[in-house]
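J.: how does the following fold in three dimensions:
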Amino acid sequence: MGNTEVRVRGLAARAGGWSARHRWAAVGIWVLFVVLAMGLGSAAGRTDVAESDQLKGETHTAAKIIDDAGIKEPAGETVLIQSGDSAVKAASGPFRAAVADVVKAVDATGKVTGVTSPYDTHTISRDGRSALVQFDLRGDAETAADRIQPVLDAVAAVQKDHGGLRIEEIGGASMQKQYQDAFGDDFQQAEYSAVPVALGILLIAFGALVAALLPVALAITAIMATMGLMGLVSHLQPMSDTANSVMLLVGMAVGVDYCLFYLRREREERMAGRDPGTALRIAAATSGRAVIVSGVTVCVAMAGMLFTGLAEFEAMGLASLMVVAVAMVGSVTVLPALLSLLGERVEKGRIPFLGRRRRGNAPDSGSRFWTAVLRGVLARPLVSVLVAAGALLAIAAPALGMKTQQLTLDQEFGDSLPIVQTYNRLNDAFPGGSEPAQVVVKAKDINAPEVRRALAGFRKEAVASGASRGPVDIKLYDAQNVALVSVPLVGGSDLDRATESLGKLRDEVRPATLGRVEGVQAPVTGQVAGNHDFNDQLMGSVLPVLAFVVVFAFLLMLLSFRSLTVAITSIVLNLLSVAAAYGILVAVFQHGWGASLVGAEGVGAIVTWLPLFLFVILFGLSMDYHVFVVSRIREARMRGLTTKDAVRHGVVTTAGVVTSAAVIMVAVFAIFGTLSMQSMKQMGVGLAAAVLIDATVIRGVLLPAVMALLGERNWYLPKWLHRLPDLTHDEAPRGQAERPVREEGERLPA
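T.: Coordinates of the predicted model:
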């Protein structure tokens, strides 16, 4: 097939054309951008989200009072001394000897301060078989895990001398230390393994080393540039390690996908007989445009997280938005320059057998598997829609009973950490003792008689109301006129019961005591309070985020394809794939159905932040495939094919690249499903399952079946919408094409 004159327009086509004509300038500008971004970001440093800014509401108010007062709370640790014999209790000689040895041993390390005996603080359980030795670590609480080992060794030595008792240490620093030792490199290894996995799949997809390296190189440089930009932006919007990890995940996925779409189209056009320049212009106008539409849609979806009001979500949303934007710009600027420079050398480094097989394939032959599937789908589109949609709705059904909560330590790690068992034993003996609520009391004069009476009344009523079993500890900071009141909540690790106790504390005890003193602030914070406030704020932001993402995605589809039908079906199909992913999450992680297959446990709940996070990420990423497939269908329709033939052509010819992109995404996301933390497993499995469903059932069955049923109504645009901006692209037909069919609605350009 010979070359034909190609008419192209649009931002992507102009960017690709300029890049191809100024190849070295385009590459140089990209390299300079990446280097400058990294250099400036490194020089500026990264500002992370402060604890006081993590949440709004009472938790935020409490943290701000502490920060403003300049109070630096040390890292608190506890040693649980417990007897397994009902005859040996805290009052017995052996038990007292063990307590004395613990106090002496930890004090002798020189790493602690404020060591207290349970006989002085009355931290002895009701059954008399458990007692707590409490102390603080010297130095900064944030780095306490680095200094805790000598104390842990001292406690372990006392345990050896008192084999008849169980002596275990627990606290923020010791928990962090054990977590780092067990899983410290877990997450990092998952991030690093994503690159070789993606490269291996691309080698199979392209059959050539150079072609496989290009998408990975683009993704890595986009991630490097974004890391630098995060440092600069963090001084306006603080970032976090979590945001950095999500950025790496999204950056690798979209960076590889965008380059894959572009490269496969350019390769296809050359195989069809186009000269390199023409092939590149067509790829720029078609796949380049699809990349821009997809990238903008993903950015809009990620921007939805900025409406949550949660600092961590805002950081994740902004970081993800930036890496998608950078990858998108790189795909339509530096990639055409590289392809122009490489020319036929992009096929260098051929893999034996794979290379020959690909050379033997006709450019438009598509996938044999999907050709066979499409034959059945298009022959019976109504049956296909009913079966596929019915199956997805059945998969989504468990999501109706979804229960969300912040996972407790034992839910997050199961029995994989010894300290989890200590955590459970401590909560059994002292309900709420491992995660007490903290009331931050701020007054004009903390020692005023009415304030002291209110504090005493609060301590008494907290126990009398049933919210706590004590002991309620009050620590005064006279100079700052602040008091910190520690209240172990009844319910302990049972978050539902602990939340009820928190409600009593906030709604009954506080108003009746501290609330009666004018000018006193008394926000209640702590782990349980933070979880409760986080859930409330997250639930309040769900509808605004969903509305923002759905409405803007609809508008982008409407402008990009100038079809009301395409815009509506895009939204419906994406919502269906997200719902199916929710159903799988609930079935596996909440009900435990098949949990062992993914190395998980049925923890009885989905981590609170995941549903909204998954919706935003998946809604954005789903548009990658959708825009790419529908763009090819529309191109074929514009060349004069009937809608059914255009659907067949579009799906079959894009099946290879969509499958490759999906396999990469599924593999990268599945890596995160191998992590030890249940919340990370949930995220990895949810993302992988959704992408798999989206690339197979949605794009391979439902989309073509729905479009076949709708026929020419797919291209319907009401007359009153004809004045909308035209963001479509044009491509001249290959050879003699039929005249496009005109139906009611917008006239399709030829």
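J.: give me the low-pLDDT residue ranges for the chain?
T.: 1-10, 51-54, 182-191, 353-367, 415-416, 432-434, 492-493, 601-602, 726-750 (pLDDT under 70).
J.: strands of that one, start to end?
T.: 76-83, 112-116, 130-137, 165-171, 404-405, 437-442, 473-477, 482-487, 524-525, 606-607 (DSSP state E).
J.: now find how far off-centre the fourth one is within its chain.
T.: Read that as strand 165-171. Centre-to-centre, strand 165-171 and its host chain are 35 Å apart (C-alpha atoms, centre = their mean, to the nearest Å).
J.: tell me the strands beside it, with direction?
T.: When pairing is defined by DSSP bridges, strand 165-171 lines up against strand 76-83 (antiparallel).
J.: what's residue 18 in contact with, if anything?
T.: With contact set as C-beta atoms under 8 Å, 6 or more residues apart in numbering, residue 18 has these partners: residue 26. (Glycine included, C-beta is placed from N, CA and C.)
J.: relative to residue 336, how far out is it?
T.: According to C-beta to C-beta, to the nearest Å, residue 18 stands 9 Å off from residue 336.
J.: what touches both of those two?
T.: residue 26.
J.: separation between the spatially closest residue to residue 552 that is not a sequence neighbour and residue 488?
T.: In this structure, residue 552 finds its nearest non-sequential neighbour in residue 300, 4.5 Å apart by C-beta to C-beta, 6 or more residues apart in numbering. Residue 300 sits 46 Å away from residue 488, taking C-beta to C-beta as the criterion.
J.: now swap in residue 494 and tell me
T.: Distance from residue 494 to residue 488, by C-beta to C-beta: 13 Å.
J.: settle it for me: which of those two has more neighbours?
T.: residue 488 (28 against 16; other C-beta atoms under 10 Å).
J.: OK, contacts around the more buried one?
T.: Residues counted as contacts of residue 488 (C-beta under 8 Å, 6+ apart) are 430-433, 436-437, 468-472.
J.: ok, now which ones touch residue 193?
T.: Residue 193 neighbours (C-beta under 8 Å, 6+ apart): residue 671.
J.: any idea how far residue 181 is from it?
T.: In terms of C-beta to C-beta, residue 193 sits 21 Å off from residue 181.
J.: same check on residue 696?
T.: 40 Å.
J.: check residue 255 too.
T.: Taking C-beta to C-beta, one finds residue 255 at 33 Å from residue 181.
J.: the two - which one has more neighbours?
T.: The neighbour count for residue 255 versus residue 181, taken as other C-beta under 10 Å, is higher for residue 255 (28 against 12).
J.: wait, doesn't the more buried one sit right on residue 224?
T.: No - taking C-beta atoms under 8 Å as the definition, residue 255 is not a contact partner of residue 224, at 10.7 Å.
J.: who's in contact with residue 612?
T.: Per C-beta under 8 Å, 6+ apart, neighbours of residue 612: 305, 308, 313, 538, 541-542, 545.
J.: let's go with 7 Å and repeat that
T.: Taking C-beta atoms under 7 Å, 6 or more residues apart in numbering, we find residue 612 in contact with 538, 542, 545.
J.: what of residue 711?
T.: residue 643.
J.: ok, it to residue 644 distance?
T.: For residue 711, the distance to residue 644 - C-beta to C-beta - is 8 Å.
J.: residue 511 too?
T.: In terms of C-beta to C-beta, residue 511 sits 69 Å off from residue 644.
J.: can you check residue 721 too?
T.: 25 Å.
J.: helices and strands around whichever helix in the chain runs longest, which ones?
T.: Looking across the chain with DSSP state H, the single longest helix is helix 527-561. The contact analysis (3 or more C-beta pairs under 7 Å, 6 or more residues apart in numbering; DSSP states H and E) places helix 527-561 against helix 57-69, helix 287-303, helix 495-504, helix 564-585, helix 610-638.
J.: dump those helices into a markdown table; add distance to residue 320 as well.
T.: A markdown table is the format used below for these (distance: least, C-beta to C-beta, whole Å):
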| stretch | distance to residue 320 |
| --- | --- |
| helix 57-69 | 24 |
| helix 287-303 | 4 |
| helix 495-504 | 29 |
| helix 564-585 | 17 |
| helix 610-638 | 8 |
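J.: could you give the number of residues near residue 589?
T.: Neighbours around residue 589, by other C-beta under 10 Å: 28.
J.: now do the one 5 residues further on
T.: Neighbour count of residue 594, defined by other C-beta under 10 Å: 12.
J.: show me what contacts the nearest residue to it once chain neighbours are set aside?
T.: Of all residues not flanking residue 594 in the chain, residue 588 sits nearest, at 5.9 Å (C-beta to C-beta, 6+ apart). Neighbour list for residue 588: 594-595, 598, 600, 685 [criterion: C-beta under 7 Å, 6+ apart].
J.: among those residues, name the buried ones.
T.: 595, 598, 600, 685 (16 or more other C-beta atoms under 10 Å).
J.: mind checking which of the strands of the chain is nearest residue 13?
T.: Nearest of the strands of the chain to residue 13, taken as C-beta to C-beta: strand 606-607 at 43.8 Å.
J.: who does that closest one pair up with?
T.: strand 404-405 (parallel).
J.: now do the strand it pairs with: distance to the chain's middle.
T.: With C-alpha atoms, centre = their mean, you get 16 Å for strand 404-405.
J.: can you list contacts of that strand?
T.: 495, 605-606, 608, 611.
J.: all helices of the stretch 651-750 of the chain, in order?
T.: Remark: helices assigned in the stretch 651-750 of the chain by DSSP state H, counting those that start in this stretch are 678-693, 703-710.
J.: for residue 73, which non-adjacent residue is spatially closest?
T.: residue 141 (6.3 Å).
J.: residue contacts, that neighbour?
T.: Residue 141 neighbours (C-beta under 7 Å, 6+ apart): 73-75.
J.: who wins on neighbours among the residues you listed?
T.: Counting by other C-beta under 10 Å, top hit in the contacts of residue 141: residue 75 with 23 neighbours.
J.: hmm, that one is touching residue 172, no?
T.: Yes - contact criterion C-beta atoms under 7 Å: residue 75 and residue 172 qualify, at 5.3 Å.
J.: now, which of the contacts of residue 141 sits nearest residue 446?
T.: Taking C-beta to C-beta as the measure, residue 73 is the one of those closest to residue 446, at 16.5 Å.
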